[in-house]
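Colleague: next comes the sequence, and after it the predicted model I'd like to discuss.
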Amino acid sequence: MNTLVMDKVMEQMQTLPSELQWRVLEFTRALAVSRPRGVPGHQLLDLAGAVPPADLEQMSQAIEQGCEQVDAHDW
């Protein structure tokens, strides 16, 4: 944790009225739960090549046939 940033935030917080301090707290809580979750890409490298090429081709064809169509009556 960067203590310089924490110190600066605390300095600013002390100058804010109580209502705004609560808003800052709510904001930091929202940031904490909105962080992206997952694993770094390098951890997925072991999975490279795990799907057979024929299956990849089938998926690609299904995407082209089903996902690239626009239904003018939808929405």
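Modeller: The structure has been received and is ready for your questions.
Colleague: where does this structure dip in pLDDT?
Modeller: The model of the chain has pLDDT under 70 over residues 68-69, 75.
Colleague: quick one: the helices in it?
Modeller: 3-15, 18-34, 53-66 (DSSP state H).
Colleague: could you dump those helices to TSV with mean neighbour count and distance to Gly41?
Modeller: C-beta coordinates here come from the backbone N, C-alpha and C atoms, glycine included. Shown next, in TSV, are those (neighbours: other C-beta atoms under 10 Å; distance: least, C-beta to C-beta, whole Å):
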stretch	mean neighbour count	distance to Gly41
helix 3-15	10	27
helix 18-34	10	21
helix 53-66	10	19
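Colleague: which one of those lies nearest to His73?
Modeller: helix 53-66 (16.7 Å; C-beta to C-beta).
Colleague: alpha carbons only: can I get that closest one in PDB?
Modeller: The C-alpha coordinates for helix 53-66 follow below in PDB (Å, rounded to 0.1, in the frame of the first residue of the first chain):
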ATOM      1  CA  PRO A  53      -8.400 -27.200 -34.400                       C
ATOM      2  CA  ALA A  54     -11.600 -28.900 -35.700                       C
ATOM      3  CA  ASP A  55     -13.600 -27.700 -32.700                       C
ATOM      4  CA  LEU A  56     -12.200 -24.200 -33.200                       C
ATOM      5  CA  GLU A  57     -13.300 -24.200 -36.800                       C
ATOM      6  CA  GLN A  58     -16.800 -25.400 -35.800                       C
ATOM      7  CA  MET A  59     -17.000 -22.500 -33.300                       C
ATOM      8  CA  SER A  60     -15.800 -20.000 -35.800                       C
ATOM      9  CA  GLN A  61     -18.400 -21.200 -38.300                       C
ATOM     10  CA  ALA A  62     -21.200 -21.000 -35.700                       C
ATOM     11  CA  ILE A  63     -20.200 -17.500 -34.800                       C
ATOM     12  CA  GLU A  64     -20.200 -16.400 -38.500                       C
ATOM     13  CA  GLN A  65     -23.600 -18.000 -39.200                       C
ATOM     14  CA  GLY A  66     -25.400 -17.000 -36.000                       C
END
